[in-house]
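Participant: requesting a structural model of the entry that follows:
(chains A and B)
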Amino acid sequence: MNAAEELKQKLPAAVVSTGMQVNKPMAVIKKEELLNAARKVKEMGFDHLSVITGTDYKDHFEVVYNFFSYNNKHNLVLKVIADHDKPEVDSLTSLWKGADWLERETYDLVGIKFRGHPNLIRILLPDGWNGHPLRKDYDMNTEQFVTVGENGDDIVSPDGTNLLRRK
Amino acid sequence: MEEGGFRVDPVTIDTTKIKTAKKKPVTALEKLEDTGLINTVLAAREREGLILFSTIDQIFNWARLSSLWPVSSGLACCAIEMMATAMAHHDIARFGMEIFRASPRQADLMFVAGTVTKRMAPRVKQLYEMMPDPKWVIAVGSCASTGGPYIESYSVLKGVDLIIPVDVYIPGCPPRPEAWLYGIIQLREKIKNEGYGAKWGLNK
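Facilitator: Numbers count the residues shown, from 1 in each chain, chains lettered A, B, ... in the order given. Alright, predicted model coming up:
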C-alpha cells in the first residue's frame, strides 16, 4: 500500500481519488480539507515539502504539492482543484516553513492566493508587474520594462524610453 | 677623455633651422611645430638613432588593447565559461586581461555574460555608465546577443544592444573558451584601427 492509499484510508472524507503521478503516489484532495490532509501527511513522516506548483487548465486551476520523507525515502503528491474565477487555497506555512517562498512563487507566476500566508507578495517579478505570466490568458503583446527609481525601487511600465537606446 | 668614462656629446642645436612662426598657431600640430621641439628631436635622432617615431593613434591604441581590464560581472552560465577562460589553461593573462576589476570605475571592458532579464537590464546599463571612457562591450552567448532561447519570454530583454552599444558578439550557448579568445582578438583588431587622434583634432 502506497502513501496515497494510506492517506485515503485515514481520511476517506478528504481524498477524492488516488493514482500515480510520474512514479509517485498521488492523491486529489478536496479544497476545504487541505489543511487536515496536510496535517495527516506530516504525521505520516513527510517532513519535507519540496515543490509547490500551479497549473492553468482554463476552466480551473490545479495546485500541486510534492512531499518527501527523509526517513522512509517516500514521495507523495497532493493535488487541489481551485476555481478559475477566484483561486484561493489554504496556506501550509503553519506546518512547513519552506512553504513560504514556494507559495509566494506560485502566487507570483500563476496568481493563486494562499489564505493565511504571512507575507504574500511577489518574489521573482518586481512589484507592480501587470498580470501573472504562467496563466493561459496572460497578455504577451504588451511588453513591460523595469527601471530603477531614485531610492532603488523597481518601477514597471510598458514604456522603455528611459532604458532603451532606440524604439 | 678618461678611460672607462662615458662619452657625452654636447647637444648643439642649429637655431637657424628653427622656423619662427609667422602666423599664430591654431591647431595642436602647429603649436607643437611652433615650439621647435620637432627639429630638436630630429637633430637628436640623427645623432643617436635611439628615438622611435609613432602616431598618437598607434601608441594609444597599442596601450589600450594591451591591457583591457574587464568588469568582474556575470549574469548566467556564460560566466562559468568566462571563469574557465580566465583560468590557467586558456589564460587571458596573455592579453593583459587577467585582472577582473571588482569596480566598473577601474574597468574598460564589459563582458555581458548571460541572460539579461528585464529586472537586471537597468543595473547592467548603470554598470556600463559607471565605466570611464574609453570603454568596450562584448555580448557573449545567444542570450545577450538576441535573447536566445528566451526570445518569446515575458521577462528577458531581446539582446543587450537594445540598452548599451556592443562592439563584438560571440555566438554560442555558452561559447567555449576558444570562442571567447577569438572574440577578444576581434576586439583587439577593432581597437587597433580606431582613430583617437581625429577626435582630438590632431590629424587635420
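Participant: quick one: buried residues of the helix or strand A:Glu103 falls within?
Facilitator: Assessed by DSSP states H and E, A:Glu103 sits inside helix A:99-109. By neighbour count with 16 or more other Cβ atoms under 10 Å in any protein chain shown, helix A:99-109 contains the buried residues A:99-100, A:102-109. All C-beta spots, glycine's among them, are computed from the backbone N, C-alpha and C.
Participant: looking at those, which is nearest chain B?
Facilitator: Among the buried residues of helix A:99-109, A:Leu109 lies closest to chain B (Cβ to the nearest Cβ), at 10.0 Å.
Participant: show me what contacts the nearest residue to that closest one once chain neighbours are set aside?
Facilitator: Nearest non-adjacent residue to A:Leu109, counting by Cβ to Cβ, 6 or more residues apart in numbering or on different chains: A:Leu134, 4.3 Å away. A:Leu134 makes contact with A:54, A:56, A:109-110, according to Cβ atoms under 8 Å, 6 or more residues apart in numbering or on different chains.
Participant: residues of chain A that sit close to chain B?
Facilitator: Contact residues (Cβ under 8 Å from any Cβ of the partner chain) of chain A with chain B: A:125-126, A:133, A:138, A:140, A:144-148, A:154, A:163-166.
Participant: of those, which belong to strands?
Facilitator: If you go by DSSP state E, the residues of chain A next to chain B have A:145-148, A:154 in strands.
Participant: most neighbours, which of the residues you listed?
Facilitator: A:Val146 (23 neighbours; other Cβ atoms under 10 Å in any protein chain shown).
Participant: can you read off the pLDDT for it?
Facilitator: For A:Val146, the pLDDT comes out at 91.
Participant: ok, B:Cys173 next?
Facilitator: On pLDDT, B:Cys173 comes in at 90.
Participant: give me the number of residues near it?
Facilitator: 11.
Participant: got the contact list for the residue lying closest to it once chain neighbours are set aside?
Facilitator: Nearest non-adjacent residue to B:Cys173, counting by Cβ to Cβ, 6+ apart: B:Ser142, 5.1 Å away. Counting by Cβ under 8 Å, 6+ apart, B:Ser142 makes contact with B:148-149, B:171-173.
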